[in-house]
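**Q** need a structure here:
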Amino acid sequence: MNTKGLLKKLVCVPAVGGCEDKINTLLGELLRDMGEVHTDSMNNLTCTFGEGYHILLDAHIDEIGLIVTSVTDEGFLKVAACGGIDRRMLCESEVTVWGKEKLYGIISALPPHLQKASDGKKAPDISDISIDLGLNAEKAKELVPLGSRITFRRQYNELLNNQVTSNCLDNRAGAAAIILALEKIKGLPVKITALFSTQEELGTRGAKTGPFSLGVDEALVTDVSFGYTPNSSKDECGEISKGAMIGVSPVLSSEISESLKRCALENGIEHQIEVMESRTGTNADVISLCGGGIKCGLVSIPIKYMHSPIETADISDIEAVARLIAAYVKERAEEVNA
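**A** All right, here's what the predicted structure looks like:
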């Protein structure tokens, strides 16, 4: 499957926490010939095939966004955050409101001519922003029920040097990597469950329950992580275009981390090491504690401008993660069936 084409399909579908139906429908279509597809009560989607030693591959599919809390007498929408919204970039952003129909809006901004001296010194609180649909109050209330979700305007653009930018590469890039890996590992003598989990941005909620009754032997989580940009710390970031980021953390299985390193070296897969002092901030933190405990590894894709409408990744990094997942699963299949 073409990586860019797959990624474009995935990012064009909204999935703010609690409203993942559209992305699940798309995933179901993409995976129906791969294995048995199931959606649980948390809206987690799984695709399972094979038999024997059971490996879970996880990527969350939800994205950050907003939720409508009220409509003003002038027809503006008031909102609250769904996930870790960066308030600095909200004003003047283009958004899509998923009400009774798809509506385009903008987050209002006070012209600099009308601002007070103190206005430009801090980002507005979420409760202070308003979304303008160009509608009066009556029509806005008719088309936008309270609780409707709002996303940054859907976009996918290709940059130079194989890089792409979109509003939700976190974590459709990880989902794409797993789908690409599934194509490479079907037929191996192991059981595979791909878990496309929900509500990670709301506190890793889907991953807390998703693996509970699956009876998996180990898990590999795929997410995005920080790619270096100006003014960031190189010690806290990987580098975009430098390959898969292999996680090393006290909460991760050191056995899996070392195996991932070895697989990357033996298969010529470009990679970098990401050391985390304690928790990883990903689904790996909760999957490792599920049931009686699950050995867990983490492979991440470096992206720039995380939690913004212009998240940026290198297609080669997504493909490196897919190749590493496949190489690792192949090695584990050989080991457990030796």
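
**Q** tell me which stretches of this structure form helices.
**A** Along the chain, the segments classed as helices by DSSP state H run 3-11, 21-31, 137-143, 169-185, 205-209, 254-266, 284-287, 315-336.

**Q** closest to the centroid, which residue in the chain?
**A** Nearest to the geometric centre of the chain sits Asn171, at 1.7 Å (CA atoms, centre = their mean).

**Q** any chance of the helices of the chain in JSON lines, plus distance to Asn231?
**A** C-beta coordinates here come from the backbone N, C-alpha and C atoms, glycine included. Listed next are those as JSON lines, based on distance: least, CB to CB, whole Å:
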{"stretch": "helix 3-11", "distance to Asn231": "26"}
{"stretch": "helix 21-31", "distance to Asn231": "33"}
{"stretch": "helix 137-143", "distance to Asn231": "39"}
{"stretch": "helix 169-185", "distance to Asn231": "20"}
{"stretch": "helix 205-209", "distance to Asn231": "32"}
{"stretch": "helix 254-266", "distance to Asn231": "30"}
{"stretch": "helix 284-287", "distance to Asn231": "28"}
{"stretch": "helix 315-336", "distance to Asn231": "22"}
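
**Q** what's the burial count for Glu63?
**A** Under the neighbour criterion other CB atoms under 10 Å, Glu63 is assigned a count of 28.

**Q** the one 3 residues further on now?
**A** The local packing of Leu66 (other CB under 10 Å) involves 26 other residues.

**Q** so which bits of stretch 212-228 are buried?
**A** 214, 216, 218-228 (16 or more other CB atoms under 10 Å).

**Q** wait, the residue nearest to the centre of the chain touches Gly83, no?
**A** No: with contacts counted by CB atoms under 8 Å, Asn171 stays clear of Gly83, the gap being 11.6 Å.

**Q** nearest to Phe196, of the buried residues of stretch 212-228?
**A** Among these, Thr222 lies closest to Phe196 (CB to CB), at 10.6 Å.

**Q** quick check: end-to-end length of stretch 175-194?
**A** This stretch, stretch 175-194, spans 9 Å end to end (CA to CA, to the nearest Å).

**Q** no, scratch that, I was asking about stretch 191-203
**A** End residues of stretch 191-203 are separated by 28 Å (CA to CA).

**Q** ok, now stretch 284-296?
**A** Taking CA to CA, stretch 284-296 runs 6 Å from one end to the other.

**Q** ok, and what's touching it?
**A** 56, 58, 204, 207-208, 210-212, 216-221, 247, 249, 251-253, 255-256, 279, 297-298 (CB atoms under 8 Å, 6 or more residues apart in numbering).

**Q** may I see the buried residues of that stretch?
**A** Along stretch 284-296, these residues count as buried under the neighbour rule (16+ other CB under 10 Å): Ala284, Asp285, Val286, Ile287, Ser288, Cys290, Ile294, Lys295, Cys296.

**Q** and the fourth one, how far from Thr198?
**A** Think Ile287. 14 Å (CB to CB, to the nearest Å).

**Q** the last one too?
**A** In this structure, Cys296 and Thr198 are separated by 18 Å, where distance is defined by CB to CB.

**Q** also the fifth one?
**A** The gap separating Ser288 from Thr198 is 19 Å, by CB to CB.

**Q** one step back: which among the helices of the chain is found nearest to Ile131?
**A** Using CB to CB, those put helix 137-143 closest to Ile131, at 9.4 Å.

**Q** what helices or strands is the closest one leaning on?
**A** If contacts are counted by 3 or more CB pairs under 8 Å, 6 or more residues apart in numbering; DSSP states H and E, helix 137-143 sits against strand 65-71.

**Q** now for the strand it packs on, which elements pack on it?
**A** strand 77-82, helix 137-143, strand 149-152.

**Q** what comes up buried for the second one?
**A** Read it as helix 137-143. Ala140, Lys141, Leu143.

**Q** and the contacts of that helix?
**A** Residues outside helix 137-143 that contact it (CB under 8 Å, 6+ apart): 71-77, 99-101, 103, 133, 135.

**Q** does Leu260 touch Ala320 like I think?
**A** No: counting by CB under 8 Å, Leu260 stays clear of Ala320, with 11.8 Å between them.

**Q** looking at these two, which is more packed in?
**A** Between Leu260 and Ala320, Leu260 has the larger neighbour count (other CB under 10 Å), namely 28 against 24.

**Q** mind listing what the more buried one touches?
**A** If you count contacts by CB under 8 Å, 6+ apart, Leu260 has them with Ile246, His271, Gly297, Val299, Leu324, Tyr328.

**Q** and the residues you listed, which is closest to Gly50?
**A** So of the contacts of Leu260, ranked by how close each gets to Gly50 (CB to CB), first place is Tyr328, at 15.2 Å.

**Q** correct me, but that closest one touches Ser259?
**A** Yes: using CB under 8 Å, Tyr328 is in contact with Ser259, at 6.3 Å.

**Q** so which of these two has more stuff around it?
**A** Taking neighbours as other CB under 10 Å, Tyr328 and Ser259 compare with Tyr328 leading, 26 against 18.
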